[in-house]
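Engineer: quick check, what structure comes out for this input:
(chains A and B)
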Amino acid sequence: MRSRKPLALFAAAALALAGCSGGGGDASAEGPVTLTWWHNRTTEPMKSKWQQIADDFHKTHPNTSFTIEPLQNEQFQTKVPLALQGNTPPDLFQQWGGGALADQLKSGKIADITQASSGWIGPLAKNADGWKVGGKQYGAPYLMHAVGFWYRKDLFASAGITSTPTTLDELNAAVAKLKTAGVVPIALGGKDRWPDAFYWAYFAVRQCSVDTLKKAVEKTELTDPCFLKAGENLKSFLDTKPFQDGFVGTPAQQGAGSSAGLVANGKAAMELQGDWDPDVMQALTEDKELGSKIGWFPFPSVPGGQGDPSVLLGGGDGFSCTTRAAKACAEFLGHLVSDDVQKILAETNSGLPVTPAGVAALKSEPHKQIAEAMTKASHLQFYFDTAFPTKVGQALNDTIANFFAGQGGPDTIVKSVSEAAAGNK
Amino acid sequence: MMSAAITTRPPTAPVPHAPAAGGTRRRSRLRQRLELAFLLTPALLLFTGFVLVPIGVAAYYSLYSWNGFGPLTDFVGLGNYVEAFSGDVFQSAIGHNLIIATLSIVVQLPLSIGLALLLNRKLRGRTFLRMVVFAPYVLSEAVTAVIWLLMLQPGGFVDEILRGVGLGGLVQLWLADQSLVLYTLFLVITWKYIGFGVILLLAGLQGVPPELREAAALDGATAWQTTRHVVLPLLGPTIRIWVFLSVIGSLQLFDLVWIMTLGGPANASTTMATYLVDHGFKRYEFGFGSAVAVILFIICFLFALLYQRFALRRDTQGALTGVR
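Structural biologist: Numbering: from 1, shown residues only, chains lettered A, B, ... in the order given. Okay, here's the model as predicted:
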């Protein structure tokens, strides 16, 4: 029954049925449990890695078995609410933390694993913060992500750029040089909207102090003038026209004409993207040497900004447990952040390990560099669409995307957050 | 209306004689009822469970501000509806659906009729041409959308073809230009669905008796006159059904837009359905999303009712309407 498709109707029917059958299991059960696991790795190599990790865990913990259901990433946003509304949600499911997690808590079905995780959460340090709500741990990450500039070393060299930009002025100078060299300076997948939001977020992160950022997320408001200033800086940056023609219609990851494809095929020199970008790019080009041609640098500092230039924008992949089998589930989450598993994950290059032992096992140069930046960062700013409650985060993304398409101004962006938080559509 | 067809069926003629037949009649009536119950119950149950109940549930949700978690507590009455209708984005979404529907009728219909008339003539490679016209319809909408998304990128396949044949001046930012994107999408929709219209009309043309054309020809009618005054009127029922399907399809337009533009840039190609997913599902505003769904349903339903009542009345007489 747990493998049902969570259509609203079935959810309602299941609710009624479960009411008759009295429900099953409770958190303290010590007997054998089968964990239903929804994860978002539908492609190799991670799909079989998860299966392997689950099988290994079952060998050492014979009382815990798994029913694994890989789901497309995009399905989570509709399936999880419906499943949590029903009586048989998955025991373990993909969780990005932040505001969406806080929303989901209202279902009363997400397990508080503060106690259960106390034995293993230590090495994760600040990485685990995104899965905390009100000081309690409601899940844990297994891989972190960070956004920065991916660039082509060959195009930088031929445009006469000798070092990666560390300030906004240097970035602007690099953009100008690349234009002169006849290369698109920066590729942007504006059709998908979220890549636009990276820019606004980074301008805000560089403009506002860490305290201001934390307070803004806590209160779901962008009232500090630094957020307005961030929008103005972004406007000036957009005015330099650093992107390819028609970027508002460009997909981020589909085909050679996508923003990742443009960089992969040498048509554009940079892209502000997550640590996952090299894999995406490699799939979009015939060039087997791509890995050696691209490098990474963090978003440059902005003159006059109060922000700490070490702060990274990012997020992470984690899991939450539901209450039915919380104990076994939390134990498994602990296994995922163990040195052995973190080393396995490090080799897949599909994110940044959450523990120092995992980070030490990274092989790819840029990923080592990102992990180091992450360790040094005084704060990891969650993507705002994740940090804020979902409706606010999506409204913010949409408003930023409109801004990139020439509609609205820096004040519209700031206002979209307070309006969405107040319940306006 | 389905039930109307049954209940208004002319009653069995009264049997004036042979009182002994009364028992038989009652028994056959009972049998008839049992048969009806047996045949209709599964369909009715499914229809109720999968169509009527969800509509009712959506209507119920639409009265609440609800993010999908926890119980429905925040009753807002018709607030969600007011909010939807007063929003610029939803207003323009309705406008976009209407533009697509109008363009479908104004552009696709004449095109379909022309192609159907052409492909109905005896010409070399007719089967092949029919297949070519129909092929895009076989593709799923998602596949179509991805193919065209890739081909319409700046410097992509479409631009290269245009430049290759010396029409480089026509190259546009097909999906990035806010004043153009909706029409670009319409072109793709036309490419995909023209085959369906052509096949439908070709089937309609099979129903035009050749004797009528011959008679018209004998009376000295030109080819145009025959087409205009004999063939087209006889195609009427087919055309009316096509218009119906086309308008409903235009009102529900989703997959293609969602994959190609997500309703952007800056909402320039938002439709009611993409608005529903964007503002309902993606934002966890399930109450508001339900309100939008109900609005979309009512618009489609009203159109369907009015169209059936006024345009399709003759075509469906006896099948959908009661017998007078």
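Engineer: quick check: A:Phe237 touching A:Phe203?
Structural biologist: Yes: the pair A:Phe237 and A:Phe203 passes the contact test of C-beta atoms under 8 Å, sitting 7.5 Å apart. C-beta coordinates here come from the backbone N, C-alpha and C atoms, glycine included.
Engineer: okay, those two: which has more neighbours?
Structural biologist: A:Phe203 (27 against 18; other C-beta atoms under 10 Å in any protein chain shown).
Engineer: so which residues on the stretch 51-200 of chain B come close to chain A?
Structural biologist: Residues of the stretch 51-200 of chain B found near chain A (C-beta under 8 Å from any C-beta of the partner chain) are B:53-54, B:57, B:65, B:67-70, B:83-84, B:87, B:146, B:149-150, B:152-156, B:173-178, B:181.
Engineer: what about chain A, any weak spots by pLDDT?
Structural biologist: A:1-30 (pLDDT under 70).
Engineer: for the residue nearest in space to the middle of it, list the residues it contacts.
Structural biologist: Compute the mean C-alpha point of chain A, and by C-alpha atoms, centre = their mean the closest residue is A:Gly315, 3.9 Å away. Applying C-beta atoms under 8 Å, 6 or more residues apart in numbering or on different chains, we find A:Gly315 in contact with A:Trp96, A:Gly97, A:Gly98, A:Gly130, A:Met144, A:His145, A:Phe382, A:Tyr383, A:Thr386.
Engineer: quick one: which of those is nearest A:Thr88?
Structural biologist: Among those, A:Trp96 lies closest to A:Thr88 (C-beta to C-beta), at 22.3 Å.
Engineer: and the closest one, how far is that from B:Pro210?
Structural biologist: As defined by C-beta to C-beta, to the nearest Å, A:Trp96 lies at a distance of 66 Å from B:Pro210.
Engineer: now the helices for the stretch 1-150 of chain B?
Structural biologist: For the stretch 1-150 of chain B, applying DSSP state H, counting those that start in this stretch gives helices covering B:2-7, B:21-47, B:53-61, B:79-86, B:88-103, B:109-120, B:126-138, B:141-151.
Engineer: adding distance to B:Leu245, mean pLDDT and mean neighbour count, write those out as JSON lines.
Structural biologist: Output for the helices of the stretch 1-150 of chain B, formatted as JSON lines (distance: least, C-beta to C-beta, whole Å; pLDDT from 0 to 100; neighbours: other C-beta atoms under 10 Å in any protein chain shown):
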{"stretch": "helix B:2-7", "distance to B:Leu245": "19", "mean pLDDT": "39", "mean neighbour count": "10"}
{"stretch": "helix B:21-47", "distance to B:Leu245": "21", "mean pLDDT": "85", "mean neighbour count": "11"}
{"stretch": "helix B:53-61", "distance to B:Leu245": "21", "mean pLDDT": "96", "mean neighbour count": "15"}
{"stretch": "helix B:79-86", "distance to B:Leu245": "26", "mean pLDDT": "95", "mean neighbour count": "18"}
{"stretch": "helix B:88-103", "distance to B:Leu245": "11", "mean pLDDT": "96", "mean neighbour count": "18"}
{"stretch": "helix B:109-120", "distance to B:Leu245": "12", "mean pLDDT": "94", "mean neighbour count": "18"}
{"stretch": "helix B:126-138", "distance to B:Leu245": "12", "mean pLDDT": "92", "mean neighbour count": "14"}
{"stretch": "helix B:141-151", "distance to B:Leu245": "15", "mean pLDDT": "95", "mean neighbour count": "19"}
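Engineer: for A:Glu221, the count of nearby residues, please.
Structural biologist: 16.
Engineer: number of nearby residues for A:Asp340?
Structural biologist: 12.
Engineer: of all the helices of the stretch 1-150 of chain B, which one comes closest to A:Gln77?
Structural biologist: That would be helix B:53-61 among these, by C-beta to C-beta, at 17.2 Å.
Engineer: alpha carbons only: can I get that closest one in PDB?
Structural biologist: Extracted in PDB, the C-alpha atoms of helix B:53-61 (Å, rounded to 0.1, in the frame of the first residue of the first chain):
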ATOM      1  CA  VAL B  53     -15.700  13.900  -6.600                       C
ATOM      2  CA  PRO B  54     -12.300  15.500  -7.500                       C
ATOM      3  CA  ILE B  55     -14.200  18.500  -8.900                       C
ATOM      4  CA  GLY B  56     -16.200  18.800  -5.700                       C
ATOM      5  CA  VAL B  57     -13.000  18.400  -3.600                       C
ATOM      6  CA  ALA B  58     -11.200  21.100  -5.700                       C
ATOM      7  CA  ALA B  59     -14.100  23.400  -5.200                       C
ATOM      8  CA  TYR B  60     -14.000  22.800  -1.500                       C
ATOM      9  CA  TYR B  61     -10.300  23.400  -1.200                       C
END
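Engineer: ok, and what's touching whichever strand or helix holds B:Ile161?
Structural biologist: Element membership of B:Ile161, judged by DSSP states H and E, is helix B:157-164. Under the contact criterion C-beta under 8 Å, 6+ apart, helix B:157-164 has outside partners B:Leu150, B:Met151, B:Leu152, B:Gly168, B:Leu170, B:Val171, B:Trp174.
Engineer: residues contacting the first one?
Structural biologist: Contacts for B:Leu150 (C-beta under 8 Å, 6+ apart) come out as A:Gln254, A:Gly255, A:Ala256, A:Gly257, B:Gly156, B:Phe157.
Engineer: ok, and the most crowded of those residues?
Structural biologist: The member of these surrounded by the most neighbours (other C-beta under 10 Å) is A:Gly257, with 25 neighbours in all.
Engineer: now do the SS call for that residue.
Structural biologist: Three-state assignment for A:Gly257 (DSSP: H, G, I helix; E, B strand; the rest coil): coil.
Engineer: next one: phi and psi at the nearest residue to it once chain neighbours are set aside?
Structural biologist: Once flanking residues are discounted, A:Gly257 sits nearest to B:Gln153: 3.2 Å by C-beta to C-beta, 6 or more residues apart in numbering or on different chains. Backbone torsions for B:Gln153, taken as degrees, to the nearest 10, come to phi -70, psi 150.
Engineer: that older thread, now, which of the contacts of B:Leu150 sits nearest A:Ser292?
Structural biologist: Closest to A:Ser292, out of all of the contacts of B:Leu150 and judged by C-beta to C-beta, is A:Ala256, at 19.9 Å.
Engineer: go ahead and confirm that closest one touches A:Ala264.
Structural biologist: Yes: counting by C-beta under 8 Å, A:Ala256 sits close enough to A:Ala264 to count as a contact (7.5 Å).
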